[in-house]
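Peer 1: Sequence and predicted structure below; questions after.
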Amino acid sequence: MHVLVLVGHPLSGSFTHALAQSYADATRAAGAHVRVLDLATTPFPHDPVSRADLAAHDGTTDHLDPVVAALVAQVREADHLVVLHPQWWGSYPAVLKAFLDRVLLAGIAFRYGTGLLPHRLLRGRTARTFMTMDAPRAWNVLAYRDAAGASLGQATLAFCGYRLVGRTTFPAVRTSTPARRERWLADAARLARRDVARLARTHARRAAAPDALPVP
């Protein structure tokens, strides 16, 4: 069971990082293989040089920058993807957007056929998102229309075939108390244990029916 924890914050030492660490520790303790990909300490070329950098139509990555190809391999390996990020300007930081643009490529994450809808090439995988924000929860919904959640959860992850098993927001982080933050860290660990249990059931079903389409 492979879990990829993607930290979409450009600065180390954030509360987003603490949530990622809590989730990763609980995942590892529950018996899954976990890799933490911290975009604050993972340099990669943010901007494509040509259209070829945005596609891998035959599914191979030999033509890509080696760093980008390695990131694609990590995403492909993961049965479960966890994305953590702060809310900045109603959305998520540029470093996370750059990662999505460079890694979730045509031919890797999706492929257009003859119809209007894409083939979702990452089907059979699950995803979870965590978002920290200084705004109240109601403001995010009423003023921002949950733009970050819709963009990341629906327009990106679901578009590529991930089944979203949960979206958690942590509102008003700036004014939160240490006790409340500790509860949030415990929540992240609890959700990690739940996700590993779900992955174990999925792997058991795959083993029982190896020719069936894996649906988490």
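Peer 2: Perfect, thanks for sending it.
Peer 1: State the helix or strand in which the residue positioned nearest the centre of the chain lies.
Peer 2: Note on the chain: the residue nearest the mean C-alpha position is Val83, at 3.2 Å, using C-alpha atoms, centre = their mean. When elements are assigned from DSSP states H and E, Val83 belongs to strand 80-86.
Peer 1: Given that strand, what are its sheet partners and their directions?
Peer 2: strand 2-7 (parallel), strand 126-132 (parallel) (DSSP bridges).
Peer 1: For the longest one, give the mean pLDDT please.
Peer 2: When the per-residue pLDDT values of strand 126-132 are averaged, the result is 98.
Peer 1: Quick check: what element follows it along the chain?
Peer 2: Later in the chain than strand 126-132, the nearest helix or strand by DSSP H and E is helix 137-142.
Peer 1: ok, and what's touching that following helix?
Peer 2: Residues outside helix 137-142 that contact it (C-beta atoms under 8 Å, 6 or more residues apart in numbering): 87, 133, 146, 148, 169, 171. From N, CA and C alone the C-beta is placed, and that goes for glycine too.
Peer 1: again, 7 Å this time
Peer 2: Applying C-beta atoms under 7 Å, 6 or more residues apart in numbering, the contact partners of helix 137-142 are 133, 146, 169, 171.
Peer 1: what does stretch 166-183 give?
Peer 2: Residues contacting stretch 166-183 (C-beta under 7 Å, 6+ apart): 15, 128-137, 140, 149, 153, 184, 191.
Peer 1: try 6 Å this time
Peer 2: By C-beta atoms under 6 Å, 6 or more residues apart in numbering, the list of residues contacting stretch 166-183 from outside reads 15, 128-134, 136-137, 149, 153, 184.
Peer 1: roughly how far is that stretch from the heart of the chain?
Peer 2: In terms of C-alpha atoms, centre = their mean, to the nearest Å, the centre of stretch 166-183 is found 20 Å from the chain centre.
Peer 1: Using CSV, write out every CA atom in that stretch.
Peer 2: Below are the C-alpha coordinates for stretch 166-183, written out as CSV (Å, rounded to 0.1, in the frame of the first residue of the first chain):
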residue,chain,number,x,y,z
GLY,A,166,-12.4,13.4,2.1
ARG,A,167,-11.8,17.1,2.1
THR,A,168,-10.9,18.7,5.4
THR,A,169,-10.6,22.4,6.0
PHE,A,170,-9.0,24.0,9.1
PRO,A,171,-10.5,27.5,9.4
ALA,A,172,-9.1,30.5,11.3
VAL,A,173,-5.7,29.0,11.9
ARG,A,174,-4.1,32.3,12.6
THR,A,175,-6.2,32.9,15.7
SER,A,176,-6.5,29.3,16.8
THR,A,177,-5.3,28.1,20.2
PRO,A,178,-2.5,25.5,20.7
ALA,A,179,-5.1,23.1,22.1
ARG,A,180,-7.2,23.4,19.0
ARG,A,181,-4.2,22.8,16.8
GLU,A,182,-3.4,19.7,18.7
ARG,A,183,-6.9,18.4,18.1
